[in-house]
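> Have a look at this prediction, sequence included:
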Amino acid sequence: MKYFIAFMSKIIMLSYNESMNIKPLIDKTLAHKFTAIVENFLEGAVRVGSILIELDSLIPAGIEDGMLIDFECSRLDLW
């Protein structure tokens, strides 16, 4: 299965949003802000729609599978 790696993922926190989304942080850069659902806390796997993403940073304690989180990353790499 192909998935993306969130390179330099940061500011990972529980989300107050009610839906998943992807937004560019700054025009003409690869950095984005995500609201995603946690698929596997231990592996750092999240999903936005049908896009699977593995974070290169740990998801904070207290967040469980099925919860929505917000995070930012510098770019997504296909692995």
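Alright, I've got the coordinates.

> pLDDT wise, what is the residue lying closest to Asp56 once chain neighbours are set aside at?
Using CB to CB, 6 or more residues apart in numbering and skipping residues adjacent in sequence, the residue nearest Asp56 is Ser9, 5.5 Å away. All C-beta atoms are positioned from the backbone trio N, CA, C, and that covers glycine. Here the pLDDT value assigned to Ser9 is 96.

> so what's Ser9 up against?
Residues near Ser9 by CB atoms under 8 Å, 6 or more residues apart in numbering: 55-57, 71-73.

> Going by neighbour count, which of these are buried?
For the contacts of Ser9, a burial check counting by 16 or more other CB atoms under 10 Å picks out 55, 71-73.

> Show me the two of the residues you listed that sit farthest apart.
Leu55 and Glu72 (10.7 Å; CB to CB).

> Low-confidence stretches in the protein?
By pLDDT under 70, the weakly predicted segments of the chain are 1, 79.

> mind checking how far the residue in it sticking out farthest from the centre is from Asn40?
Distance to the chain centre peaks in the chain at Lys28, reaching 19.9 Å (criterion: CA atoms, centre = their mean). Going from Lys28 to Asn40 by CB to CB, to the nearest Å gives 33 Å.

> again with Phe4
Noted for Phe4: a distance of 15 Å to Asn40, by CB to CB.

> max-length strand in this structure?
Looking across the chain with DSSP state E, the single longest strand is strand 32-40.

> Walk me through which strands it pairs with, and which way each runs.
Sheet pairing of strand 32-40 (DSSP bridges) gives strand 21-24 (antiparallel), strand 45-48 (antiparallel), strand 68-73 (antiparallel).
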